[in-house]
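Peer 1: can't give you the sequence, but here's the structure:
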């Protein structure tokens, strides 16, 4: 249904330092690296970070977040921990979110530009 999702950045180098290790932890790799964008995926681009094409500053959308599938709860924990080490901010620590599903285990962070991202697994362990 979706081809890819993009979020904005005001500093591609800072975004690269944040997203390269975080995406690698989730099994994605950099597929294309342009001066104004970073493109991640496995074989096709599924997530990109880019400067806005209209030249205006990037800003995070209220109520918008991007969720990545994690292999297990340890990967969700690692995603949260690594994101904070890389300059992200906590937007919801790792934990079960029973309001979504009995096995919904997720963690939320904001990247250095304020974009909200999440890692989730439905693994019971």
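Peer 2: Ah, there it is. Being a predicted model, the structure only gives us computed values, none of them experimental.
Peer 1: for the protein, which segments count as strands?
Peer 2: Secondary structure of the chain (DSSP state E): strands at 5-8, 29-34, 37-41, 45-50, 65-69, 89-96, 105-110, 116-121.
Peer 1: can you put those in TSV and add mean pLDDT?
Peer 2: Converted to TSV, the strands of the chain look like this (pLDDT from 0 to 100):
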stretch	mean pLDDT
strand 5-8	95
strand 29-34	90
strand 37-41	96
strand 45-50	94
strand 65-69	95
strand 89-96	98
strand 105-110	97
strand 116-121	96
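Peer 1: quick one: which of the ones you listed is nearest residue 56?
Peer 2: Across these, residue 56 has its closest neighbour in strand 5-8 (9.3 Å, Cβ to Cβ). Yep, even glycine has a C-beta here, placed from its N, CA and C like the rest.
Peer 1: helices and strands around the closest one, which ones?
Peer 2: Packing partners of strand 5-8 (3 or more Cβ pairs under 8 Å, 6 or more residues apart in numbering; DSSP states H and E): strand 45-50.
Peer 1: contacts for the strand it packs on?
Peer 2: When contacts are defined by Cβ atoms under 8 Å, 6 or more residues apart in numbering, strand 45-50 is touched by residues 2-9, 12, 15, 19, 23, 28, 31-32, 36-41, 66, 68, 111.
Peer 1: now list the buried members of these.
Peer 2: Taking 16 or more other Cβ atoms under 10 Å as the criterion, what is buried in the contacts of strand 45-50 is 6-9, 12, 15, 19, 23, 28, 31, 37-41, 68, 111.
Peer 1: quick one: the strands of the chain as TSV, columns for distance to residue 57 too.
Peer 2: Formatted as TSV, the strands of the chain follow (distance: least, Cβ to Cβ, whole Å):
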stretch	distance to residue 57
strand 5-8	8
strand 29-34	19
strand 37-41	16
strand 45-50	13
strand 65-69	19
strand 89-96	19
strand 105-110	16
strand 116-121	17
